[in-house]
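A.B. asks: Provided below for reference: sequence and predicted model.
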Amino acid sequence: MSLLSQFEEALYYQEGLQPLTLQSYLSDLQKLESYLAEQDTQLEQADTEILQEYIQKKLAEKISPRSIARFVSTFKHFYDFLIVSQIREDNPARKLIVPKFTATLPESLSEDDVEALLNGHDVATPLGLRDRAMMELLYSCGLRVTELISLTMSQINLQAGVVRLVGKGNKERLVPIGEVGIEWLEKYLDEARGELSKGNSTEWLFLSNRGDAMTRQAFWYVIKKTAQRIGISSTISPHTLRHAFATHLVNHGADLRVVQLLLGHSSLSTTQIYTHIAKERLKLIHQEHHPRG
């Protein structure tokens, strides 16, 4: 088994990383491996100097600082793995100099835009009812799109009004759904899911018109077409609704640590970007309404 395969296996079983995260790690390392091969160096033999040269090369290619930071994080994980595996004694990535960057504010939607997006479905059809229920749940709970499309019937407890999620790092959390979200979920389950399942027994909560589980791409398309139909010109994605969920909570006074728990962030620093969003909103309100704004 190759070193990268061993590393992938270790990440999967020890850290419980999601498939998409694993793919990103491996892709970053495969690119580094190709570069090192051109320098007649093997992946496990790289030193800090050659890794720094690779980082500088990527910067020259106008790769974003955020992506560079991800590369460095990947390399640190990999060489830590080599130390644990007794393949080498040091981690050359620990001494890398990485550029500082300012986190960009995630694109969000106003509450009116969200309301228009949620109302933009023909709920007289099974597919329209499914799409409405999916978007209501996404906005009500701030789910990641992978969490949404992977939901099974057993993860939803409508009586208790919660959804049980397993997010990054295999961490479980309970998130309240909210009355409106529960109402649309019940309507979908009563009036649409049976027809979409085509009589087949399946545990997936949200079904495609073929009766199998929804895909990321299919739901992305649903949001894109709905936005176009109702006249939202900005580019939005399932993640935009997750950002809107967090932004609107903070704007209405929610404690940042509560938002962190609801989003499933392992670190509060990841959630703190929403304090900047709230500050920007306060500035706009001040400029708009204060006589000397």
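C.D. replies: Structure's in. What do you need? Residues are numbered from 1 along each chain as shown.

A.B. asks: ok, now which ones touch the most centrally placed residue in the chain?
C.D. replies: Centroid check for the chain by Cα atoms, centre = their mean gives R144 as the closest residue, at 4.7 Å. Residues in contact with R144 (Cβ atoms under 8 Å, 6 or more residues apart in numbering) are G167, P238, H239, R242, G264. To be clear about C-beta, it is placed using only N, CA and C from the backbone, and glycine gets the same treatment.

A.B. asks: spatially nearest residue to L138 (excluding sequence neighbours)?
C.D. replies: Leaving aside its sequence neighbours, L138 sits nearest to L241 (Cβ to Cβ, 6 or more residues apart in numbering; 4.9 Å).

A.B. asks: also L137?
C.D. replies: Nearest one to L137, counting by Cβ to Cβ, 6+ apart, is G181 at 5.4 Å.

A.B. asks: correct me if wrong: the one you found contacts M134.
C.D. replies: No: in this structure G181 lies outside contact range of M134 using Cβ atoms under 8 Å: 10.3 Å.

A.B. asks: compare the two (neighbour count), which wins?
C.D. replies: Set G181 next to M134 and count neighbours by other Cβ atoms under 10 Å: M134 wins out with 27 against 21.

A.B. asks: what comes into contact with stretch 63-80?
C.D. replies: Stretch 63-80 has contacts (Cβ under 8 Å, 6+ apart) with 7, 11, 24-25, 28-29, 32, 43, 51, 55, 58-59, 88, 90-94, 96, 98-101.

A.B. asks: give me the buried subset of these.
C.D. replies: Buried members of the contacts of stretch 63-80, scored by 16 or more other Cβ atoms under 10 Å, are 7, 11, 24-25, 28-29, 32, 43, 51, 55, 58, 91-93, 96.

A.B. asks: what's the closest of these to N251?
C.D. replies: The nearest member of the buried ones among the contacts of stretch 63-80 to N251, counting by Cβ to Cβ, is S24 at 31.2 Å.

A.B. asks: list the buried residues of stretch 75-95.
C.D. replies: Buried residues in stretch 75-95, counting neighbours by 16+ other Cβ under 10 Å, are found at F75, H77, F78, Y79, F81, L82, N91, P92, A93.

A.B. asks: include secondary structure when you put the residues you listed into TSV, please.
C.D. replies: Converted to TSV, the buried residues of stretch 75-95 look like this (DSSP: H, G, I helix; E, B strand; the rest coil):
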residue	secondary structure
F75	helix
H77	helix
F78	helix
Y79	helix
F81	helix
L82	helix
N91	coil
P92	helix
A93	helix
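
A.B. asks: let me know the closest of the residues you listed to S150.
C.D. replies: H77 (24.3 Å).

A.B. asks: F206 reaches A133, doesn't it?
C.D. replies: Yes: with contact defined as Cβ under 8 Å, F206 counts as touching A133 (7.5 Å).

A.B. asks: from the contact counts, what lies against the strand or helix carrying L22?
C.D. replies: Per DSSP states H and E, L22 falls inside helix 19-38. Counting contacts by 3 or more Cβ pairs under 8 Å, 6 or more residues apart in numbering; DSSP states H and E, helix 19-38 is packed against helix 3-10, helix 48-60, helix 65-84.

A.B. asks: any idea which of those has the lowest pLDDT on average?
C.D. replies: The stretch with the lowest mean pLDDT among those is helix 3-10, at a mean of 83.

A.B. asks: quick check: angle from that helix to helix 65-84?
C.D. replies: If you take axes from the mean of the first three to the mean of the last three Cα atoms, to 10 degrees, helix 3-10 sits at 90 degrees to helix 65-84.

A.B. asks: which outside residues touch helix 3-10?
C.D. replies: Residues from elsewhere that reach helix 3-10, judged by Cβ under 8 Å, 6+ apart: 1, 22, 25-26, 29-30, 33, 43-44, 78, 81-82, 85, 87.
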